[in-house]
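Colleague: pasting a predicted model and its sequence here:
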Amino acid sequence: MRGARRWRTRSGSRRLTAREDEDGRVQTCTRRSAREDGASGARGRRQLQGLRPAGMQALVLLAAARGKHERMRGCSDEGRILVFLVKEGELQLIKAKETKGAVYSLKSFNGKLLAAINQKIRLYKWVQRNDRSHVLQFECAHDGHVLSLYTQTRGDFILVGDMMRSLSLLIYKHEEGKIEEVARDLNTNWMTAVEMLDDDIYIGADNCCNLFTVCKSPYGFLEAVGEYHLGDVVNRLHHGSLVMHHADSGTGQFPSVIFGTVNGAIGVIVSLPYDLYAFLEKLQSVLVNFVKGVGNLSHAQWRSFCNARRTSSARNFVDGDLIESFFSLSPSQMVEVACAMGVPPVELYKKVQELTNLH
């Protein structure tokens, strides 16, 4: 991501971010929007997931955890997966499966159920027995995590967010009936949310208020390609948009991911084409000379990726708050910025204004 942008409004805050990979393909852009109570969708020991096997009615699955040693060990001794049948607008419990550990995440995966249970990733299939009843039958599993808290899937690939070991990418092999690791991030990040932006680029959020993106390396690990300090803990990432886009809108064709934070803020991450990203990155470098932060804090220092182990400059993000602060400049300052950018003031104004259509 080569850029992150953030807007402050009376109702809350917004952020726009953009990113590109080594081949010049833009992968993401982020923006932060208005605050709403409960909008971030706090994660706890319960997880809901819908499932509709072929030829069956819709099912809703609920996961929970319990255990008297939970506070001591950081994880539960046992949990349950509850299967409900959706019938005439009501939920009917039809199956309860005990698990040896807390179920932190449930995902519908290739017509099966993917569950993150303590340090394991387990795959179940919904099978019919001779008496015509159904049961969740274990198929395969993958171990090797400290605590697998978050999962996202795309095709046969599985992205796992670990409590301490950052991100790992797995693949499910149908013919062999097993799950294998493809690559992992070698950095130590305490994850709070994960998402797969596309087949090759993945985004994560950590407990130090950072966002970072990784891509598959030819050397068998996940390489960090973007780092940025958001200033808030993200606890949910999901593909979607905050606004309706028109077909004739230039910004309406950009893929986006919505995020929620522990403080109730909602935002969006949007993929930008490289030429637009490069333009906004240059604009950002010009605007820092005209817009001063509260207390004259350094913009570069505030947006630097920072955790308990290291601090590094933000990369592959553009700060959207700073970009939109262009509208707060005086007319003479706008002309100076446009001259530094080498574009007519009216064209620059329209280009920045067009980005507001993302929210």
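Modeller: The structure has been received and is ready for your questions. Numbering: from 1, shown residues only.
Colleague: could you pull out the helices in the stretch 51-200 of the chain for me?
Modeller: Assigned by DSSP state H, counting those that start in this stretch, the stretch 51-200 of the chain shows helices spanning 70-73.
Colleague: okay, now the unreliable bits of it?
Modeller: By pLDDT under 70, the low-scoring segments of the stretch 51-200 of the chain are 51-57, 67-76.
Colleague: so where do the strands sit in it?
Modeller: 59-66, 78-87, 90-99, 103-109, 112-117, 120-128, 134-142, 148-154, 157-162, 167-173, 178-184, 191-196 (DSSP state E, counting those that start in this stretch).
Colleague: let's see the second one as CSV, backbone CA atoms only.
Modeller: What follows is the C-alpha trace of strand 78-87 in CSV, where atoms were taken according to Å, rounded to 0.1, in the frame of the first residue of the first chain:
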residue,chain,number,x,y,z
GLU,A,78,-13.2,-26.8,25.9
GLY,A,79,-15.8,-25.3,23.6
ARG,A,80,-18.7,-26.1,21.4
ILE,A,81,-20.0,-25.6,17.9
LEU,A,82,-23.7,-25.3,17.8
VAL,A,83,-25.6,-25.9,14.5
PHE,A,84,-28.9,-24.2,14.0
LEU,A,85,-31.4,-24.8,11.2
VAL,A,86,-33.1,-21.7,9.8
LYS,A,87,-36.8,-22.6,9.6
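Colleague: who does that strand touch, helix- and strand-wise?
Modeller: Applying 3 or more C-beta pairs under 8 Å, 6 or more residues apart in numbering; DSSP states H and E, one finds that strand 78-87 contacts strand 59-66, strand 90-99, strand 103-109, strand 112-117, strand 134-142. Yep, even glycine has a C-beta here, placed from its N, CA and C like the rest.
Colleague: which residues are contacting it?
Modeller: Strand 78-87 is touched from outside by 45, 57-67, 91-103, 106, 113, 115, 117, 124, 134, 136, with contacts defined as C-beta atoms under 8 Å, 6 or more residues apart in numbering.
Colleague: just the buried members of those?
Modeller: Buried members of the contacts of strand 78-87, scored by 16 or more other C-beta atoms under 10 Å, are 59-65, 67, 95, 97, 99, 101-103, 106, 113, 115, 117, 124, 134, 136.
Colleague: using CSV, list the CA coordinates for stretch 120-137.
Modeller: Taking Å, rounded to 0.1, in the frame of the first residue of the first chain, the C-alpha atoms of stretch 120-137 are listed here in CSV:
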residue,chain,number,x,y,z
LYS,A,120,-5.2,-25.6,15.5
ILE,A,121,-7.0,-25.1,12.3
ARG,A,122,-9.6,-27.9,11.8
LEU,A,123,-11.8,-28.7,8.9
TYR,A,124,-15.2,-30.4,9.3
LYS,A,125,-17.7,-31.6,6.7
TRP,A,126,-21.5,-31.9,7.2
VAL,A,127,-22.4,-35.5,6.5
GLN,A,128,-25.6,-37.5,6.6
ARG,A,129,-25.7,-40.8,8.6
ASN,A,130,-27.8,-43.9,7.9
ASP,A,131,-30.6,-42.7,10.1
ARG,A,132,-30.8,-39.5,8.0
SER,A,133,-29.4,-37.3,10.7
HIS,A,134,-26.4,-35.1,10.2
VAL,A,135,-23.1,-34.7,12.0
LEU,A,136,-20.0,-32.5,11.8
GLN,A,137,-17.3,-35.0,10.8
